[in-house]
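Peer 1: 3D, please:
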Amino acid sequence: MLLVIDVGNTNTALGVYEGERLVVVWRLTTQRERTVDELGILCRTLFTLEGLEVSGVHAIVIASVVPPLDFALRKMAQTYFHLDPLFVDWRTPTGMPILYENPQEVGADRIADAVAAFAKYGGPCIVVDFGTATTFDAISPRGEYLGGVIAPGITISAEALFERTAKLPRVDIRRPSAIIGRSTVASIQSGLYFGYIGLVDGILARMLEELGPETRVVATGGLSHLIGRASAYIQTLDDNLTLDGLRIIYERVQRHQAR
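Peer 2: Sure thing, here's the model as predicted:
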């Protein structure tokens, strides 16, 4: 079994693969203060609840955008799984050239998203990942990572509105029944939801002008279903795109090392 871990600023996703089959996915809140033992016990507990054997894991691949957790994750893998994990970054032989001016600035999750999207859907393509930040990543017809766009996530926008205004309440992010809100809560929800769709589609329209109308647009991340279904340009929703990317990257690294 292959254990893949995608550590984001808000949530952490763990997946277990048997070959190309994703056996199970767990989605947890990211806690930067977790110790090696807390992470190890958590992983063992999750495996036990699913009836999986920790000893059956032959490799661990990690994409992390939370550097304070990296040491604990590495030590956890070594202590509880007796494995040295592969941390994905710009130097990893993924088979995808990174054309960013400074490749080391590209997050591991964005690399995994791009690799998976091109492998599964071809190019040119755009990946929209709805996380703490919303990222837009462009991949060329030849499978090159071209660059992208980074925007504040919709949750960040909602929290900023609540924290920076004296009288506006915190609200759930959902699709309102009408664009014109008849209460403060409904008005905020309308602004967040429809305003964010406008942001997403405005960016995608301009990216498609550069990449061409045949470009496939794929969405992933926690709020991809909420926003993606209302977008005029998003064609495919893929909840496990990042995890699939980590699996594909692991397989490519294995082939690279076997040469």
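Peer 1: all strands for the stretch 101-250 of the chain, in order.
Peer 2: Under the criterion DSSP state E, counting those that start in this stretch, strands of the stretch 101-250 of the chain are mapped to 125-130, 133-139, 145-152, 216-221, 236-237.
Peer 1: Now mean neighbour count and mean pLDDT too, for the ones you listed, in JSON lines please.
Peer 2: Using the backbone N, CA and C atoms, a C-beta is placed for each residue, glycine as well. Shown next, in JSON lines, are the strands of the stretch 101-250 of the chain (neighbours: other Cβ atoms under 10 Å; pLDDT from 0 to 100):
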{"stretch": "strand 125-130", "mean neighbour count": "26", "mean pLDDT": "97"}
{"stretch": "strand 133-139", "mean neighbour count": "23", "mean pLDDT": "96"}
{"stretch": "strand 145-152", "mean neighbour count": "17", "mean pLDDT": "96"}
{"stretch": "strand 216-221", "mean neighbour count": "25", "mean pLDDT": "96"}
{"stretch": "strand 236-237", "mean neighbour count": "17", "mean pLDDT": "96"}
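Peer 1: Give me the distance between the two termini of stretch 23-35.
Peer 2: Distance across stretch 23-35, first residue to last, is 26 Å (Cα to Cα, to the nearest Å).
Peer 1: Figure out how far it is from the centre of its chain.
Peer 2: Centre-to-centre, stretch 23-35 and its host chain are 13 Å apart (Cα atoms, centre = their mean, to the nearest Å).
Peer 1: mind checking which of the strands of the stretch 101-250 of the chain is nearest residue 196?
Peer 2: Residue 196 lies closest, by Cβ to Cβ, to one member of these: strand 133-139, at 8.3 Å.
Peer 1: what's the angle from that closest one to strand 216-221?
Peer 2: For strand 133-139 against strand 216-221, the angle by axes from the mean of the first three to the mean of the last three Cα atoms, to 10 degrees is 150 degrees.
Peer 1: So what touches strand 133-139?
Peer 2: Outside of strand 133-139, the residues that reach it under the criterion Cβ atoms under 8 Å, 6 or more residues apart in numbering are 9, 96, 107, 110, 113-114, 117-118, 123-129, 145-154, 156, 200, 203-204, 207, 210-211, 221.
Peer 1: what is the orientation angle of that strand with strand 125-130?
Peer 2: Using the same axes, to 10 degrees, the interaxial angle of strand 133-139 with respect to strand 125-130 works out to 170 degrees.
Peer 1: strand partners of strand 133-139, parallel vs antiparallel please.
Peer 2: On the basis of DSSP bridges, the sheet neighbours of strand 133-139 come out as strand 125-130 (antiparallel), strand 145-152 (antiparallel).
Peer 1: want to try JSON lines for the ones you listed, with distance to residue 80 as columns?
Peer 2: As requested, those are arranged in JSON lines below (distance: least, Cβ to Cβ, whole Å):
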{"stretch": "strand 125-130", "distance to residue 80": "29"}
{"stretch": "strand 145-152", "distance to residue 80": "33"}
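Peer 1: same for the lengthiest helix in the chain, what does it pack against?
Peer 2: The helix of greatest length in the chain, counted in residues with DSSP state H as the criterion, is given as helix 184-211. Based on contacts counted as 3 or more Cβ pairs under 8 Å, 6 or more residues apart in numbering; DSSP states H and E, the elements that helix 184-211 packs against are strand 125-130, strand 133-139, strand 145-152, helix 154-164, helix 224-228.
Peer 1: Distance from the chain centre to it, please.
Peer 2: If you compare the mean C-alpha spot of helix 184-211 with that of the full chain, they lie 19 Å apart, counting by Cα atoms, centre = their mean.
Peer 1: And it, what's buried?
Peer 2: Of the residues in helix 184-211, those scored as buried under the neighbour-count criterion (16 or more other Cβ atoms under 10 Å) are 186-193, 196-197, 199-201, 203-204, 207-208, 211.
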